[in-house]
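Q: A structural model of the following input is requested.
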Amino acid sequence: MKTTTDYELLFESAPISLWLEDYSQLKGLFQLWRDDGVTDLKAHLQSHPHLTEECARCYRVLRVNRETLRVFAASSQEVLLSRLHEVFRNDMFERMVDELCNLWDGILDFSGQTVNYSLDGRRIEVRVHVRVLEGFEDSWDRVMVSLQDVTGHVQAQQQLEFSEQHARNLFAFSPVSLWVEDFSGVKALMDEVRQSGIEDFRTFLNVHSEFVGRCMEKIVVLEVNKQTLTMFSAHAKDELLSKLETIFRGEMHDSFAEQLIDLWNGKIHQTREVVNYSLSGERINIHLQFAVMPGHEEQWDMVLVSLVDITARKKAEAYLEYLGKHDALTKLRNRAYYVEELNRISRKGPWPLSVLAMDLNGLKVVNDTQGHTVGDSLLRRAGEVLQKAGTDVSGCIARVGGDEFIALLPGSDERSAYALKERIESVLELSNQFYPGQKLSLSIGIATCQNATEVEQCIQFADQQMYAQKKRFYEESNLERRKI
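A: Residues are numbered from 1 along each chain as shown. The predicted model follows:
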């Protein structure tokens, strides 16, 4: 008697929810189905979902313990049993199929996971253990069911899975190209060099430039995201990884060498601008961020590399730089560049410096009689002529005023200046043949100086020569008009 009382006390005081149940009606239902020819219970239940609820109604609860009442928010066993339809409902029946299949297959001691509901409406994730008690294997009229509330654990696991999926999505769908790489092979090579006694790694790379290529071969790409495939014109990850030598070439050798030098000096977080190439051959300017991931500082076996395509920005910067140094109409250098170049030559040479001062003849008359559109067209033609004539000239040809142009030829004597003047006049003649309408004409003055103290005087002399030629041009033009 005392033993029975002890067992009842253990049942009642157990720290987990315990249910003593009678499954004999379920066993009888199974037998009916077997007699009707059912062999695959799972398929049978999937074909007739309502039968799962019929199985649940076969369970008869004989007794529950105090912990069960607490877990399910029941004031008494009678209240709980009268409201079991609130406890066993909804998605519980989907998970119940595996439990029923175990019993169908004769497995009388098993565990699983299901869901129940408390009387106050809470959804409870439950770890369930079912055991047909010894001596009742034939009748199933005594079954011990233990339930462990694992809602907190399941929610934590779901939150972890959500966070992991969120992180994967951030990686996969990031608008920035992301690479996860293994640099442990690179570190091993660099450690060998360090252990050999090398201290000046930059000098080492200058002498052994092939070491950079060896390091690049040791990089293992673990993962890339969708934007990476788009940026580099790859259809799939395998295609990208099989053609890395197409992407990382040319200027990348030198920038990667600088990256290795930073790593040698302990800089495991880096930012730099590099150049890569897409699989279609397009040059891509890239802002690169490199970071050895936390916890992997010893081996460098996980590195995150982010690449931002800044090609458009670079083109915009180059164009703005071009506009800052060129005349928009003629495409020649502008006055600001000319002044800067003149100052540079005055400080550093080389000497002698030859100057060609040039002026477009008749521009005012054209603007006044035919309009500024025709005048601008004439200026563009002048720019084309000077660009073509100065193709092989090491110097600066600039538009410094409305119809004024100047050529600076550092390191060139007077003979070189006259050679350029002859080329200009030759190209002018061809231009006038090609454009038979408005004739293009330039007045050109030439001067040469030997040092910085003579530069200003040299430019003035070239201007005087140009104006003298311009005066002759207008005198000859007036004489010709009077003859006509």
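Q: rest of the way, CA atoms for contacts and neighbours
A: Noted.
Q: just the strands in the chain please.
A: Along the chain, counting by DSSP state E, strands occupy 17-22, 60-64, 109-117, 123-132, 143-149, 177-182, 220-224, 269-277, 283-292, 303-309, 353-360, 396-399, 404-410, 442-449.
Q: now those strands in JSON lines, please, with extra columns for distance to Ser82.
A: Output for the strands of the chain, formatted as JSON lines (distance: least, Cα to Cα, whole Å):
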{"stretch": "strand 17-22", "distance to Ser82": "15"}
{"stretch": "strand 60-64", "distance to Ser82": "11"}
{"stretch": "strand 109-117", "distance to Ser82": "14"}
{"stretch": "strand 123-132", "distance to Ser82": "19"}
{"stretch": "strand 143-149", "distance to Ser82": "19"}
{"stretch": "strand 177-182", "distance to Ser82": "58"}
{"stretch": "strand 220-224", "distance to Ser82": "56"}
{"stretch": "strand 269-277", "distance to Ser82": "65"}
{"stretch": "strand 283-292", "distance to Ser82": "61"}
{"stretch": "strand 303-309", "distance to Ser82": "59"}
{"stretch": "strand 353-360", "distance to Ser82": "108"}
{"stretch": "strand 396-399", "distance to Ser82": "99"}
{"stretch": "strand 404-410", "distance to Ser82": "104"}
{"stretch": "strand 442-449", "distance to Ser82": "110"}
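Q: distance between the ends of stretch 31-50?
A: The first and final residues of stretch 31-50 sit 18 Å from each other (Cα to Cα, to the nearest Å).
Q: just give the number of residues close to Val143.
A: For Val143, the neighbour count with other Cα atoms under 10 Å is 26.
Q: quick one on the thing from earlier: got the strands of the chain as a markdown table, with mean pLDDT columns?
A: Shown next, in a markdown table, are these (pLDDT from 0 to 100):
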| stretch | mean pLDDT |
| --- | --- |
| strand 17-22 | 95 |
| strand 60-64 | 95 |
| strand 109-117 | 92 |
| strand 123-132 | 94 |
| strand 143-149 | 94 |
| strand 177-182 | 97 |
| strand 220-224 | 96 |
| strand 269-277 | 95 |
| strand 283-292 | 96 |
| strand 303-309 | 96 |
| strand 353-360 | 97 |
| strand 396-399 | 96 |
| strand 404-410 | 97 |
| strand 442-449 | 97 |
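Q: and Thr39, backbone torsions?
A: Per-residue torsions, Thr39: phi -120, psi -30 (degrees, to the nearest 10).
Q: per-domain residue ranges of the protein.
A: The record's domain parsing of the chain by automatic domain parsing lists 2-155, 173-315, 323-483.
Q: quick check: Glu21 touching Arg63?
A: Yes: using Cα atoms under 8 Å, Glu21 is in contact with Arg63, at 7.0 Å.
Q: now the domains of the chain in JSON lines, with distance to Gln165?
A: Formatted as JSON lines, these follow (distance: least, Cα to Cα, whole Å):
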{"stretch": "domain 2-155", "distance to Gln165": "15"}
{"stretch": "domain 173-315", "distance to Gln165": "12"}
{"stretch": "domain 323-483", "distance to Gln165": "48"}
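Q: out of those, which is closest to Glu161?
A: Set against Glu161 and scored by Cα to Cα, the domains of the chain come closest in domain 2-155, at 9.6 Å.
Q: starting at the chain centroid, how far to the closest one?
A: 52 Å (Cα atoms, centre = their mean, to the nearest Å).
Q: buried ones in stretch 45-53?
A: For stretch 45-53, burial by neighbour count (16 or more other Cα atoms under 10 Å) applies to Leu45, Thr52, Glu53.
Q: please name the bridge partners of the residue lying closest to Met302 once chain neighbours are set aside.
A: Of all residues not flanking Met302 in the chain, Asp182 sits nearest, at 5.0 Å (Cα to Cα, 6 or more residues apart in numbering). Beta bridges link Asp182 to Val220 when assigned by DSSP bridges.
Q: quick one, what contacts Asp182?
A: By Cα atoms under 8 Å, 6 or more residues apart in numbering, the residues touching Asp182 are Ile219, Val220, Val221, Leu222, Trp300, Asp301, Met302, Val303.
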